[in-house]
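Enquirer: please find the sequence and the predicted model below.
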Amino acid sequence: MSCGCKTSGDSAHSCGPKKTANGCENVNTCGNSYKLSVFDWLSNINNPTQNRCDFVEVRFKNDRKSFFKNVNNIPLHIGSVVTVESSPGHDVGVVSLTGELVKIQMKKKKSSEELALKIYRQANQKDLEVWQEVRKKEDNVKIDARKIAHRLGLEMKITDVEYQGDASKVTFYYTADNRVDFRMLIKEYAGAFRTKIDMKQIGFRQEAAKVGGIGSCGRELCCSTWLTDFRSVNTNVARYQQLSINPQKLAGQCGKLKCCLNYELDSYLDALSNFPSSSTMLDTEKGRAFCIKIDVFKKKMWFAYVDSSMAWYDFDIDLVKKLIAKNKKGERVPPLEDLKQPEAPLQTIDLIQENSVDRFEKKNRSNNNRNKPQNRPNNNQNSQNQPQGQGPKKPNNRPERQDRPERTERPERQEKQQNPNANSNNNQPRQQKPQQPKAQLEKIETAPNADAEKKPAPNKKKFKKKFPPKKDNNA
């Protein structure tokens, strides 16, 4: 059987093996986690009077609560499953609060003691079985009810369905923008579900509380976790907090303004009480200036001229109050440009050098600059020591190319075409290449062509990669 600690009647929920019809033994960790649970801070205090409070607070599915009178003086505590009076028949709920604190809650919610219904008994096994069976039907009934409403063409949405504990009545919660004529709908529902039908319209905020979800802050919705009363929220709340009137950002999942806009409203109103009015006008020697922006946290106000509103000037609220006092005396204040004091830039020392993008490249650049002057004279010395017409000596690992003409045998025009930017590098030392007479160039150009006709092109030699010798295990 279920103690109903989270969903107040969800048979799938289980608090542990130790639970009876009297309630859940893990009430401190189970029952108080529900959003409608109330912490009884008077539970450990003995009642000085002999009169005991006979009223008990009982909760039902979702966010429905009622106060009942314990006529038979049944020993009840938080989490007890009870059978209470209803019209028609009886209902099954879970006790959420007992003791003297119930009277305080009744005064807060203006519930009369005379109209309070009775508690019949603690729920027996038969009551619990019927209660859990009708809870299992609610999802299928909600789907069928939506199909019937769609077939009749009604502009409404069935949000939730709640069966009474004895299955004698079913309540349909719906949302609609306009008034709905559901006389034909009730006839269809009565014929389909064979029970008494009760229709109850709720708002979009109550719908979001029943459905639940995740808000833009990344947490569960306040209305579905702990918020029980819905206060009105208007656009003036956003204006006081200097927020842009953007419906997409200010609206919640219910389509209305977010309830959390009211949370910090009192702090903003206290801060704005020290500010001059946002409609303040300043009479300056250059012309009239009006307030165009307010910063609550920095305690500054931005002003601009009526004629040229593109240039903004920010001032502290203390200075603005002094300027307003001068205008009240009939004096004009200096221009805004003269009143504006240059702000001293904050000098920060970056000890870790996180702001420098090239902090990892400085070392590499210094190493490259050190290596360059060492390599350049070596190359020049090698080129000067070698005879003309020969390039620098190749390492022993590379094969020698005998058949191909050397680079020094090419004409100067081809070198200019291949290296057009050779003359632009003035900083690097130029290597003087040996110049040959024209007659020798012509012989060199014709020689390789004649040899190519007589001899076939030599095959490229294949060189094997050198690998380290393998270790001999027998050695």
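Expert: Structure's in. What do you need?
Enquirer: count of neighbours near residue 159?
Expert: 20 (other Cβ atoms under 10 Å). Any C-beta I mention is one placed from the backbone N, CA and C, and that applies to glycine too.
Enquirer: buried set for stretch 255-266?
Expert: By 16 or more other Cβ atoms under 10 Å, the buried positions in stretch 255-266 come out as 256, 257, 258, 259, 261.
Enquirer: swap in stretch 306-319?
Expert: 313, 315, 317.
Enquirer: what segments of this protein are strands?
Expert: For the chain, the strands defined by DSSP state E occupy 19-20, 23-24, 55-59, 65-69, 81-85, 90-97, 117-122, 157-163, 169-175, 196-201, 281-283, 288-295, 300-305, 313-316.
Enquirer: give me the pLDDT value at the nearest residue to residue 227 once chain neighbours are set aside.
Expert: Ranked by Cβ to Cβ, 6 or more residues apart in numbering and with sequence neighbours excluded, the top spatial neighbour of residue 227 is residue 259, at 6.3 Å. pLDDT recorded at residue 259 is 92.
Enquirer: low pLDDT regions in the stretch 301-450 of the chain?
Expert: 344, 346, 350-357, 359-450 (pLDDT under 70).
Enquirer: the closest residue to residue 208 other than its chain neighbours - how many residues pack around it?
Expert: Residue nearest to residue 208 in three dimensions, not counting chain neighbours: residue 254, with 4.0 Å by Cβ to Cβ, 6+ apart. As a burial measure, residue 254 scores 21 neighbours (other Cβ under 10 Å).
Enquirer: might one say that residue 254 is in contact with residue 211?
Expert: No. Contact between residue 254 and residue 211 fails when scored by Cβ atoms under 8 Å: they sit 9.3 Å apart.
Enquirer: any common contacting residues for those two?
Expert: Residues touching both residue 254 and residue 211 (Cβ atoms under 8 Å, 6 or more residues apart in numbering): there are none.
Enquirer: quick one: the helices in the stretch 251-400 of the chain, in order.
Expert: Using DSSP state H, counting those that start in this stretch, the helices found in the stretch 251-400 of the chain span residues 265-272, 317-328, 336-339, 362-385.
Enquirer: quick one, what contacts residue 313?
Expert: Counting by Cβ under 8 Å, 6+ apart, residue 313 has contacts 289, 302, 303, 304, 336, 337, 339, 340.
Enquirer: top of those residues by neighbour count?
Expert: residue 303 (25 neighbours).
Enquirer: can you tell me the closest non-neighbouring residue to it?
Expert: residue 289 (4.5 Å).
Enquirer: got the contact list for the one you found?
Expert: Residue 289 makes contact with 281, 282, 303, 304, 305, 306, 313, 336 under the criterion Cβ under 8 Å, 6+ apart.
Enquirer: end to end, how far does stretch 236-254 reach?
Expert: 19 Å (Cα to Cα, to the nearest Å).
Enquirer: likewise for stretch 58-78?
Expert: 9 Å.
Enquirer: likewise for stretch 108-127?
Expert: Start-to-end span of stretch 108-127 (Cα to Cα) is 32 Å.
Enquirer: now do the buried residues in the longest helix anywhere in the chain.
Expert: Longest helix in the chain by number of residues (criterion: DSSP state H): helix 125-151. Buried residues in helix 125-151, counted by 16+ other Cβ under 10 Å: 127, 128, 130, 131, 132, 134, 135, 141, 145, 146, 148, 149.
Enquirer: stretch 178-193 too?
Expert: Residues of stretch 178-193 classed as buried: 180, 182, 185, 188, 189, 193 (neighbour count, 16+ other Cβ under 10 Å).
Enquirer: out of these, which is nearest to residue 246?
Expert: Checking the buried residues of stretch 178-193 against residue 246 with Cβ to Cβ, the nearest one is residue 180 at 31.7 Å.
Enquirer: which residues touch the closest residue to the closest one other than its chain neighbours?
Expert: Closest residue to residue 180 apart from its sequence neighbours, by Cβ to Cβ, 6+ apart: residue 156 at 4.9 Å. Counting by Cβ under 8 Å, 6+ apart, residue 156 touches 149, 174, 175, 176, 180, 182.
Enquirer: widest-spaced pair of those?
Expert: 175 and 182 (12.9 Å).
Enquirer: can you report how many residues lie near residue 154?
Expert: 17.
Enquirer: ditto for residue 286
Expert: If you count neighbours by other Cβ under 10 Å, residue 286 ends up with 15.
Enquirer: check residue 116 too.
Expert: Other residues lying near residue 116 total 19 when counted by other Cβ under 10 Å.
Enquirer: I'd assumed residue 67 was in contact with it.
Expert: Yes. Between residue 116 and residue 67 there is a contact under Cβ under 8 Å: 5.3 Å.
Enquirer: who touches both of those two?
Expert: residue 55.
Enquirer: and this protein, what are its domain boundaries?
Expert: With domains defined by automatic domain parsing, the chain comprises 19-123, 135-202, 209-272, 281-338.
Enquirer: low-confidence ranges, the stretch 51-200 of the chain, go.
Expert: For the stretch 51-200 of the chain, the stretches with pLDDT under 70 are 51.
Enquirer: quick one: which of the buried residues of stretch 178-193 is nearest residue 328?
Expert: Here the nearest of the buried residues of stretch 178-193 to residue 328, counting by Cβ to Cβ, is residue 180; it sits at 59.0 Å.
Enquirer: so that closest one is in contact with residue 155, correct?
Expert: Yes. Residue 180 lies in contact with residue 155 (Cβ under 8 Å); the separation is 6.8 Å.
Enquirer: may I have stretch 324-344 as CSV, with CA atoms only?
Expert: Output of stretch 324-344 as CSV, limited to C-alpha atoms (Å, rounded to 0.1, in the frame of the first residue of the first chain):
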residue,chain,number,x,y,z
ILE,A,324,18.6,69.2,-9.4
ALA,A,325,18.9,71.4,-6.3
LYS,A,326,20.6,74.1,-8.4
ASN,A,327,17.9,74.0,-11.0
LYS,A,328,15.3,74.5,-8.3
LYS,A,329,17.0,77.7,-7.2
GLY,A,330,16.8,78.9,-10.8
GLU,A,331,20.4,78.4,-11.7
ARG,A,332,21.7,76.7,-14.8
VAL,A,333,24.4,74.0,-14.4
PRO,A,334,27.5,73.8,-16.6
PRO,A,335,27.4,71.7,-19.8
LEU,A,336,27.5,67.9,-19.4
GLU,A,337,30.9,67.8,-21.1
ASP,A,338,32.4,69.9,-18.3
LEU,A,339,30.7,68.0,-15.5
LYS,A,340,32.0,64.7,-16.8
GLN,A,341,35.1,63.6,-15.0
PRO,A,342,37.5,61.3,-16.7
GLU,A,343,37.6,58.0,-15.1
ALA,A,344,41.1,56.7,-14.1
